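Peer 1: Everything below, folded, please.
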Amino acid sequence: MGRLHLRYGMIPFGMRTHSRLLCAIVLLGTAGAICGFEALKATVHQETPIISAAAIAAPIQKAAMPEIPALAASPKQARLPMLSVANPVSRVDMLEARMDGSFAEYTYFMTNIDLEAQASAEETKPEQAFSAPAGRPGPEDVFAAVLRDVKPVRSSRIAGMPLAYADFGNDHKAGKPLNVSLSVKQQAEPVSRVALMPKADEVLEEALGGLEVPLAEARRLSAALATSVLHFGDAFEVILANDNDGKHIVMARLQKASGEDTILARVEDQSFQRITKPALYERLKREAIASEQGNVIDADTNATPDLKEETAFAPLLVKKMLAAHVPPKIIVDVVDLAKKNGISAARHDDLAKKINLVFREGSGKRELISVAFKTKDGERKFYRYKLNKTSPAEFFDEKGHSVSKFLLANPVPGGRLGDGFAWRIHPILHVRKHHDGVDYAGPMGSPILAAGDGTVVLISWEPGYGRYVRVRHDQGYFTTYAHIARAAKGLSVGQRVTQGQVIAYVGSTGLSTGPHLYYELRKNNRYLDPTANPLPAGTVLSGNSLEDFRKQADQIEGMTKLIGVSDKAVQAPDHG
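Peer 2: Below you'll find the model as predicted:
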């Protein structure tokens, strides 16, 4: 019987040589996938009910979980969508130092008026300004929303604010949950944000005292910040919680002019510790801002202007400011500034392309702070500024020139215009001469007012003028008040006077035919008609006053940016 000899060899892999094996593998895999899919489909049909739209809208009922006290956390709910700001006026609360050294809290508002955009069909009445947007939650609701929006199961609390996985710097490990709660609260306190942008050195403890923060707490914060004084250029913010014990600081942020940024949080031992993650602060600030934007502004206690004159002057501007919820008193001030400063086409609907204005509310008053008219010829900005404690506030342009006051055409209240600025036969000399001023008749002893801000340069007597007072105004022109009975008591050469101040009394001295004022205007050695030249008559700032004004203007610009950031923060999507 012969023997079988086996031969071994290597056959390379190929579609021809291994086709039957490959077909078997593919068929087996396909059959397994189909079986698995059918089994999964059957399971889903048997165990998962169909969810209706009504069921989706209904509150989610969670199954009871075993209680773990050490790891208790708020139940997870649907994420709160960021609030949209229906009110076109943005706001921020500011703490400011008064001239007497005290502090006052003001609410600043900013709005942009676009006169090129199509006007809204819905009219807004003055009394409807600042009505609260419908459906906006109150401060406690907004704060509670933050409690619902914490992702980690384990959380920390800073003065009632859940702070998940906080990083307090080098003293703690990053990502380690820290129990820094003051107490477990069933309902969170409402929070608010207040900012301070000093234009001069301010003691931090005194500023916080203006917010009614306890002195001991203010001192602890000052020590934690390692500074007791805030300087010009610094931006300081605090987020406050208001509970039964009063106001307390939840978090604070100091951004120095040098760029250094410090964020602190109050912890359970009442001390303040540094936070190295700004997102945690920004999150709480955003909720505080959202609460602020929803607040209702109290109606004016004073009579509301009817705005008829302003509407006749600039109807579209008035309509759009009302639609933007700008108070009528502020509208009057804005239109008045446009009138006085010859803003192009002020009597037509194209007064300016865009207008940005900032106004504030505090101490029972509303005041326009700044306005910028953006026209085709460029931008003109005006800022409110108070020169000293006794002088009234005025508006100044960016160069420090007053734009609120213009030369009085008649310095004698109720005075009757007599001979004007023209050629005439002199009533005493009986010669033809040009009358270089105007006459205002009035009862003997009637008060004469300074036609504008300036400095007294002469109190004298001349044969023609009789007794007279001459004032040099900041813009370089002079006014003369002649035939007076006497100068005001205490008036002296070199004294600073303001528009409307009594400087003399009507008389009939010199070449005069009866009691009246001879009112003269001279500029660059030329006589001008004071009734036909609406010259600026306010103060032109210089020296220390100009420097102080520029600081305040910078401060207003900083607040404008801060309000703008606040507005963006409210409307920004939450990615936390």
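
Peer 1: What is the burial count for Leu408?
Peer 2: Other residues within reach of Leu408, judged by other CB atoms under 10 Å, total 19. For glycine as for every other residue, the C-beta is placed from the backbone atoms N, C-alpha and C.

Peer 1: so who does the closest residue to it other than its chain neighbours touch?
Peer 2: Excluding its sequence neighbours, the residue lying closest to Leu408 (CB to CB, 6 or more residues apart in numbering) is Ala451, at 4.1 Å. Counting by CB atoms under 8 Å, 6 or more residues apart in numbering, Ala451 touches 407-408, 411, 471, 479, 499, 519, 530, 537.

Peer 1: Now for those: which two are most distant?
Peer 2: Greatest spatial distance in the contacts of Ala451: Gln499 and Tyr519, 14.2 Å, computed using CB to CB.

Peer 1: quick one: which of those two has more around it?
Peer 2: A count of neighbours by other CB under 10 Å puts Tyr519 above the other of Gln499 and Tyr519, at 26 against 23.

Peer 1: hang on, the earlier thing: mind checking the SS state of the residue nearest to Leu408?
Peer 2: coil (DSSP: H, G, I helix; E, B strand; the rest coil).

Peer 1: any idea how far Pro328 is from it?
Peer 2: 30 Å (CB to CB, to the nearest Å).

Peer 1: same question, Lys376
Peer 2: If you go by CB to CB, the gap between Lys376 and Pro328 works out to 28 Å.

Peer 1: And for Leu221?
Peer 2: Distance from Leu221 to Pro328, by CB to CB: 41 Å.

Peer 1: Please apply the same query to Leu535.
Peer 2: Separation of Leu535 from Pro328 (CB to CB): 30 Å.

Peer 1: more crowded one of these two?
Peer 2: Neighbour tally, Leu535 and Pro328, criterion other CB under 10 Å: the higher count belongs to Pro328, 23 against 18.

Peer 1: I'd say the more buried one and Lys308 touch.
Peer 2: No - Pro328 is not in contact with Lys308 according to CB atoms under 8 Å; the separation is 11.1 Å.

Peer 1: so Glu367, which of the three states?
Peer 2: Classified using three-state DSSP, Glu367 is strand.

Peer 1: give the contact list for it.
Peer 2: Going by CB under 8 Å, 6+ apart, Glu367 touches 359-360, 384, 393.

Peer 1: go on, Lys433?
Peer 2: Here Lys433 is in contact with 423-426 (CB under 8 Å, 6+ apart).

Peer 1: Beta-bridge partners for it, please?
Peer 2: Counting by DSSP bridges, Lys433 forms beta bridges with Arg424.

Peer 1: how much space is there between it and Ile425?
Peer 2: Distance, Lys433 to Ile425, by CB to CB: 8 Å.

Peer 1: Report the secondary structure element holding Val334.
Peer 2: Per DSSP states H and E: Val334 is located in helix 328-340.

Peer 1: Which positions in the very next helix or strand once past that helix come out as buried?
Peer 2: Counting by DSSP H and E, the next helix or strand C-terminal to helix 328-340 is strand 354-362. By 16 or more other CB atoms under 10 Å, the buried positions in strand 354-362 come out as 355-361.

Peer 1: Of those, which is the nearest to Leu230?
Peer 2: Nearest to Leu230 among these, with distances taken as CB to CB, is Arg360, at 19.9 Å.

Peer 1: Beta-bridge partners for the closest one, please?
Peer 2: Where Arg360 sits in a bridge, its partners, by DSSP bridges, are Tyr108, Glu367.

Peer 1: Tell me where the model's unsure across this structure.
Peer 2: For the chain, the stretches with pLDDT under 70 are 1-19, 21, 35-89, 99, 101, 117-189, 287-304, 344-352, 564-576.

Peer 1: can you pull out the helices in it?
Peer 2: Applying DSSP state H to the chain gives helices spanning 19-47, 53-57, 139-148, 204-210, 215-225, 278-293, 308-313, 315-323, 328-340, 543-571.

Peer 1: Show me this protein divided up by domain.
Peer 2: Following automatic domain parsing, one gets these domains for the chain: 85-131+299-404+538-567, 137-293, 416-528.

Peer 1: can the ones you listed go into TSV with extra columns for distance to Leu28?
Peer 2: Formatted as TSV, the domains of the chain follow (distance: least, CB to CB, whole Å):
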stretch	distance to Leu28
domain 85-131+299-404+538-567	62
domain 137-293	45
domain 416-528	100
